[in-house]
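Make a model of this:
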Amino acid sequence: MGESKKRWGAALLAGLLCVSILGGCAPKENEETDQNGQVAQEGTFRPSDSGMTAMDRYDFPYMGLSAVLPAALLTGMDEKTVSMQPDQAVTSDGTALVYAFLSWNKLTPEQRDAEVETMGDGYDRWLKSLERIGTLGVYQGDQVEQLDQITGCDEHRALGQSADGAYYYYLSVNTKAPAELVALVRQVEATITDMTPFQGESAFAAPQKDFTGDAVGPFTTQDVNGTTYTQEIFQGYDLTLVNVFTTWCSPCVAEIPELEKLHQQMADKGVNVVGVVLDVLNEKGEIDPTAQAKAQQLAQKTGATYPFLLPDSTYFHGRLMGIEAFPETFFVDKDGKIVGETYSGSAGLEEWTAVVEQELANLKGGAQ
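Below you'll find the model as predicted:
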């Protein structure tokens with residue numbers, strides 16, 4: 001099909017546990033690019049929006065960890081007085097974790113409202129300016145002696161080891177941070193679970209396979225609430241934006257309210273929005289009830305009225321296989337054919353509106 005990908009120039013995505021999807025759109029002729037060949041996009045964003053969404057429970061299979069946060073800490077995240085951020089390091093060959101952790105950081109009003117340039121190191125500088133409260137993470141054995149430097153904390157409570165003894169779990173706090181916030185992190189309830197085998201950037205994607213087709217159907221599947229859908233979901237619209245995401249990906253979650261606005265505003269123009277949530281199915285292709293409940297809760301909390309579909313048994317005829325990073329978004333016409341560009345990374349309403357209008361114009365222009 002010769003499908004190309006465009007990557008959003010969003011420093012917002014730095015620090016994802018699962019992937020690194022920094023970068024701008026594929027360069028056009030005569031556009032200025034950086035040293036990586038990415039477009040030097042202009043604009044700003046609010047980095048406080050990159051914090052992970054408050055949820056009743058967090059599950060991170062490849063960390064071998066789940067966590068429940070105290071209500072007051074979740075309230076701080078909702079009010080953006082606290083930012084929950086992920087971080088990780090992998091081995092040089094990309095085959096294993098060195099460490100991965102969640103951190104909680106105090107936000108001042110200035111840090112909450114700050115805006116930084118989309119390109120450049122503004123996000124990194126903003127993140128480093130935050131006062132660390134505590135972390136919850138998993139570390140290879142040889143990293144334990146460096147916990148102070150890795151976590152930015154000075155007190156570490158051992159939680160246990162992975163089944164193979166290769167990794168150690170710690171809940172850490174920075175005792176110099178405000179005492180009331182430190183007390184909340186100490187109340188985090190962590191459970192060590194079986195670690196999913198690490199598969200690099202595509203640790204949670206469907207089985208790796210290059211997609212060479214031009215359509216996603218026919219198919220039969222259901223959404224996270226059990227409603228059945230087929231390829232007919234595309235027939236009532238000229239263009240459907242298909243957003244592939246996971247419930248543990250914070251930029252994915254942060255993007256959903258923006259996509260809901262797009263869904264409401266563009267329906268009259270013949271545009272639909274469909275979500276596809278990959279992590280509700282386990283490695284056997286069976287529905288995981290815990291993950292399903294989490295996806296249902298996510299739809300409720302974000303106000304999404306568009307469906308969150310599960311992959312069908314063919315993974316939409318292979319289109320969902322081999323995804324490199326989350327979220328990934330592509331477009332489908334009313335006949336179920338994949339059209340236009342593929343976009344890696346999250347974006348806001350303004351960016352998506354411009355993209356959709358261009359894709360819609362290209363589609364209608366090609367039909368003439």
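
Check which residues of the strand or helix carrying Glu341 are buried.
Following DSSP states H and E, one finds Glu341 within strand 338-344. Of all the residues in strand 338-344, those buried under the rule 16 or more other C-beta atoms under 10 Å are 338-344. No exception for glycine: its C-beta is placed from N, CA and C like everyone else's.

Looking at these, which is nearest Val185?
Among the buried residues of strand 338-344, Ser344 lies closest to Val185 (C-beta to C-beta), at 32.5 Å.

My guess is that closest one contacts Glu328. True?
Yes: the criterion here is C-beta atoms under 8 Å, and Ser344 meets it with Glu328 at 5.4 Å.

mind listing what's buried in stretch 149-157?
For stretch 149-157, using 16+ other C-beta under 10 Å, the buried residues are 150-153, 155-156.

Can I get the buried residues of strand 338-344 in JSON lines including pLDDT and distance to Ser66?
Formatted as JSON lines, these follow (pLDDT from 0 to 100; distance: C-beta to C-beta, whole Å):
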{"residue": "Ile338", "pLDDT": "93", "distance to Ser66": "35"}
{"residue": "Val339", "pLDDT": "93", "distance to Ser66": "39"}
{"residue": "Gly340", "pLDDT": "90", "distance to Ser66": "38"}
{"residue": "Glu341", "pLDDT": "89", "distance to Ser66": "36"}
{"residue": "Thr342", "pLDDT": "88", "distance to Ser66": "32"}
{"residue": "Tyr343", "pLDDT": "88", "distance to Ser66": "31"}
{"residue": "Ser344", "pLDDT": "82", "distance to Ser66": "27"}
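
will you turn these into a markdown table that also has distance to Val356?
A markdown table is the format used below for the buried residues of strand 338-344 (distance: C-beta to C-beta, whole Å):
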| residue | distance to Val356 |
| --- | --- |
| Ile338 | 15 |
| Val339 | 12 |
| Gly340 | 9 |
| Glu341 | 11 |
| Thr342 | 14 |
| Tyr343 | 11 |
| Ser344 | 16 |
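
from memory Val98 sits against Gln143, does it?
Yes: between Val98 and Gln143 a contact is recorded at 6.3 Å, counting by C-beta under 8 Å.

Pick out whichever of those two has more residues nearby.
Between Val98 and Gln143, Gln143 has the larger neighbour count (other C-beta atoms under 10 Å), namely 19 against 16.

In contact with the more buried one, which residues?
98-99, 150 (C-beta atoms under 8 Å, 6 or more residues apart in numbering).

so of these, which ones are in strands?
98-99 (DSSP state E).

and which of the contacts of Gln143 is nearest Met266?
Tyr99 (41.8 Å).

And for that closest one, the neighbour number?
Tyr99 - counted by other C-beta under 10 Å - has 23 other residues nearby.

Would you state the helices of the stretch 201-350 of the chain in chain order?
250-266, 289-302, 349-367 (DSSP state H, counting those that start in this stretch).

among these, which is the most enclosed?
Greatest average neighbour count among the helices of the stretch 201-350 of the chain goes to helix 250-266 (a mean of 21), per mean count of other C-beta atoms under 10 Å.

got a list of contacts for that helix?
In contact with helix 250-266 (C-beta under 8 Å, 6+ apart) are residues 10, 12-13, 16, 21, 49-53, 84, 86, 241, 243, 245-247, 271-273, 275, 298, 302-306, 326-327, 345-349, 352-353, 356.

Alright, I will stop here.
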